[in-house]
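[1] predicted model follows, preceded by the sequence.
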Amino acid sequence: GINRFPAILDRIKRYLEHSKSELHRVERSLKNILGTHDGIYGMMGGFKKIVKDLRMLGIHIRILSAELAHDGGDFKNLAGDIVNLAGIIESKSNDILTQSKSSDLLIRETISKVATLKTGLDNLTTLIIEGTMSTLSSLTDRHKLSSVTARNISSASQEVSHGIGKVLESLQIQDIVRQRLEHVKKSLEILDIRLNETVIDVSDSKLIREISDTCNSQAAQLDYSRDELLSAVKTIVENLRGIAKGITRMSANTRDLAGETNKKGGSFFTSMESGIVSVLSSISESFFECSKTDHELSGGVNAVVCTIGNISVFIKDIEQIGMEMELLSLNARIKSAHAGREGAGLAVLAEAIQQISEDVCNKTIALSNTFTEITSSAEALNNEISSENKEKDAEIEVILNDMETVLNSLRKVNSSVISFLKEIGEKGQRLGSDIEKTVMEVTVHETFVSGINEAISGLKAMTRQASNLIPYEITTGYSPGLDRFEATSPMANVELF
């Protein structure tokens, strides 16, 4: 899913680099066409001179026809034809100039579209860089927050582990207490058997001292075991509550790690998805605008081709005029020959008409070659742009489809993360509640303490009764029975901590 995002950006980068390279090539081609096109205006200046020369010839022919005694009418007709041809050439030249200015404007507008496209691609590049940097910045901030949160989770986890260790340690103490109680029970059972098997003589100080020592030592054991058990239970309760709080904190930190908030109900992935969607949406819009301008560029070059095609018609008309001028030149030579000596001047004019006719043909050929070159270049460029546009449209479609796939993947990840976080939160809260409930139900130690206290009271009562039957120094200091008890007790070598 998200791993495909860098590949998409790389593909867009290649697309932009190729498009920029292509635009530079198109721009160079258009400027070359424009440079060739600018030469047309100089050529059209030559046609203005031809029109001027033809009109001057017409005037000379009219003057010559006025001097001739006969065939003046034919010469007048010739003069009229030449003037008419001059007017036609002037009209066609103006048409060519008008169309040339239109094509010139189209070429410049197309170059301007290329500049717009280049700016659009630069903006798209900037957009991608800024969007990527923004996403990386968010990821960096999230990484920093994640590091802090991970440390908090680790700390809470260590506290939970420590609490669990303390609970287990306290449970071991309970087992030790149980062993002590079993020993107390066994000692008292042994004493009970001894008493049942012996006839008690209150004057037997040795037996009374042993009973006193045993009851006193077992009461001390019970007293110590009670305090130790209470301490262990207290430790268990405190640590269980600490565990509950630690689990709750870990659950909260886990939600913070993904950026989930109770107020908004979203996650970091939601905001990241929103940021990527915004960037990709802008990229998509930029692609659309670039594609639109690309097609406008193709349309502009095609319009140039059509305009120059119209100019070609006018050039053919001028070529036809050149052929008509050759006929007029031939006709003038024939009339000059018929006029004899009087037609000598007309022969000179006929030669001038022939030269102008050749000039018209040469300039027409040069002009035609120029427009053919422009047309060929424009058509080739138009075909390349059209073909390139098809490839670009296909590439854009693939990129947009890939972006949509990434977005769908992000949405699925986001949904899974939110679901997972919700599950963690619910389980953590439920576990914490169960632990708190368990802690509240820990009351068995109270019953235990009550029973122990009762036993201690009984043992101490027996000790007091025995102390009344034996000498003072035995009850306050010397206790050989206790020495024997501790030396032979199975608990004598047990290490409690």
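    The structure has been received and is ready for your questions. Bear in mind the structure is a predicted one, so any value in this text is a computation, not a measurement.
[2] for the record, mean pLDDT for stretch 445-456?
    The pLDDT scores in stretch 445-456 average 82.
[3] go on, stretch 169-188?
    Mean predicted lDDT for stretch 169-188 stands at 81.
[4] now that stretch, how far from the chain's geometric center?
    In this view, stretch 169-188 has its centroid 65 Å away from the chain centroid, taken as Cα atoms, centre = their mean, to the nearest Å.
[5] dump that stretch to CSV, restricted to CA.
    Taking Å, rounded to 0.1, in the frame of the first residue of the first chain, the C-alpha atoms of stretch 169-188 are listed here in CSV:
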residue,chain,number,x,y,z
GLU,A,169,7.3,-12.9,45.6
SER,A,170,4.4,-12.2,48.0
LEU,A,171,2.7,-15.4,46.9
GLN,A,172,5.9,-17.3,47.8
ILE,A,173,5.8,-15.6,51.3
GLN,A,174,2.3,-17.0,51.7
ASP,A,175,3.6,-20.4,50.9
ILE,A,176,6.3,-20.0,53.6
VAL,A,177,3.7,-18.8,56.0
ARG,A,178,1.7,-21.9,55.2
GLN,A,179,4.7,-24.0,56.0
ARG,A,180,5.2,-22.2,59.3
LEU,A,181,1.5,-22.7,60.2
GLU,A,182,1.8,-26.4,59.4
HIS,A,183,4.9,-26.6,61.7
VAL,A,184,3.0,-24.8,64.5
LYS,A,185,0.1,-27.3,64.0
LYS,A,186,2.5,-30.2,64.1
SER,A,187,4.3,-28.9,67.2
LEU,A,188,1.0,-28.4,69.0
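[6] and for stretch 451-465, what's in contact with it?
    Identification of contacts with stretch 451-465 by Cβ atoms under 8 Å, 6 or more residues apart in numbering yields 211-212, 215-216, 218-219, 222-223, 225-226. In short, each C-beta sits where N, CA and C put it, glycine included.
[7] can you rerun that using 10 Å?
    By Cβ atoms under 10 Å, 6 or more residues apart in numbering, the residues outside stretch 451-465 that reach it are 177, 181, 184-185, 188, 191, 208, 211-223, 225-227, 229-230, 445, 475.
[8] flag every buried residue along that stretch.
    Within stretch 451-465, the residues scored as buried using 16 or more other Cβ atoms under 10 Å are 452, 455-456, 459-460, 462-463.
[9] from these, which land in helices?
    452, 455-456, 459-460, 462-463 (DSSP state H).
[10] for those residues, which one is nearest Asp393?
    Closest approach between those and Asp393, by Cβ to Cβ: Ile452, at 89.3 Å.
[11] quick one: residues contacting the closest residue to Asp95 other than its chain neighbours.
    Spatial nearest neighbour of Asp95, excluding adjacent residues (Cβ to Cβ, 6 or more residues apart in numbering): Phe314 at 4.9 Å. For Phe314, the contact set (Cβ under 10 Å, 6+ apart) comprises 91-100, 367, 371.
[12] so Phe314 is in which element?
    According to DSSP states H and E, Phe314 maps onto helix 268-339.
[13] what's the mean pLDDT across that helix?
    Helix 268-339 comes out with an average pLDDT of 74.
[14] now the helix or strand following that helix and helix 268-339, what's the angle there?
    Downstream of helix 268-339, the next assigned helix or strand under DSSP H and E is helix 344-440. In terms of direction (axes from the mean of the first three to the mean of the last three Cα atoms, to 10 degrees), helix 344-440 departs from helix 268-339 by 170 degrees.
[15] show me what secondary structure element comes after the lengthiest helix in the chain.
    Using DSSP H, we find that the single longest helix of the chain is helix 72-197. Next in sequence after helix 72-197, counting helices and strands by DSSP H and E, comes helix 205-258.
[16] need the contact list for the residue nearest to Asn389 when sequence neighbours are not counted.
    Leaving aside its sequence neighbours, Asn389 sits nearest to Asp294 (Cβ to Cβ, 6+ apart; 5.1 Å). Residues counted as contacts of Asp294 (Cβ under 10 Å, 6+ apart) are 19, 22-23, 26, 113-114, 117, 120, 385-386, 388-389, 392-393, 396.
[17] specify which member of the ones in helices among the buried residues of stretch 451-465 is nearest to Glu324.
    Ile452 (139.5 Å).
[18] out of the contacts of stretch 451-465, which end up buried?
    177, 181, 184, 188, 191, 208, 211-219, 221-223, 225-226, 229, 445, 475.
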